[in-house]
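Trainee: Just a sequence and a predicted model for now, questions to come.
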Amino acid sequence: MPTRYDVSMQTILGQWLFSLRQYLSLSLFLSSPSRLPQSPQCAALTVLAYYLLCLALVDENRPYTEIAAQLTLELGLLAGLVYLGLRWRGTLPRLVQTFSALAGVNLVITLVSIAVYRFATGFENLLQNPVFYLLLLWNLAVMSLIFKRAFEISTFLSAMLAFNYYVAYQFVLVWIYW
């Protein structure tokens, strides 16, 4: 006979699998953060999966500690932005869903990016690769959609927010590493 812990774990894993499908739908502009479960455990599993996925990025030039630090910075900035945006709109109860959506689509897009970059070789510099710009545009567009639906703002404002988040993140990375 299953214990309450077993049933609870099955429920959490079931919600997380549902969340993974929603992250994919969000990445394809077919869903909304409001369709995700209001579950901190699912958000935590998504963040854990994102950290584990980043193990694939480890090489002799980039140790896991550096990648994990960048990921922590990224998620911290996203969490702060989501908190401020939802607090400004008076919809703070959406915090877990919105953060989970952003972390989840970053998980999906990073997975696709790793797969694409494995095959799109021949470029000495990442910035010379046109695929980089397509993936960046896709990421910003999905983030913009999530901001638009979560904060209930215009498309233009959500696009500006996503772009400014990206620029701020890049400035912080340059400031830390140079």
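Mentor: Yep, that arrived.

Trainee: Go through stretch 152-164 and flag the buried ones.
Mentor: Under the neighbour-count criterion of 16 or more other Cβ atoms under 10 Å, stretch 152-164 has 153, 158-159, 161-162 buried. The C-beta positions use only the backbone N, C-alpha and C, and glycine is treated the same way.

Trainee: what's in contact with that stretch?
Mentor: 81, 85, 89, 91, 140-141, 143-145, 147-148, 151 (Cβ atoms under 8 Å, 6 or more residues apart in numbering).

Trainee: List buried residues within these.
Mentor: 81, 85, 140, 143-145, 147-148, 151.

Trainee: Which single one of those residues is nearest to Ala103?
Mentor: Relative to Ala103, the closest of these is Met143; by Cβ to Cβ it sits at 11.2 Å.

Trainee: quick one: low-confidence ranges for the protein?
Mentor: 1-7, 9, 120-127, 178 (pLDDT under 70).

Trainee: can you give me the strands in it?
Mentor: For the chain, applying DSSP state E gives no strands.

Trainee: mind listing the helices for the chain?
Mentor: In the chain, the helices defined using DSSP state H lie at 4-27, 40-53, 64-89, 95-119, 130-151, 155-177.

Trainee: Please identify the most buried of these.
Mentor: helix 95-119 (a mean of 20; mean count of other Cβ atoms under 10 Å).

Trainee: got the contact list for that helix?
Mentor: So helix 95-119 is contacted by 19-20, 22-24, 26-27, 33-34, 36-40, 42-43, 46-47, 49-50, 53-54, 56-57, 74-75, 78-79, 82-83, 86, 129, 131, 135, 138-139, 142-143, 146, 150 (Cβ under 8 Å, 6+ apart).
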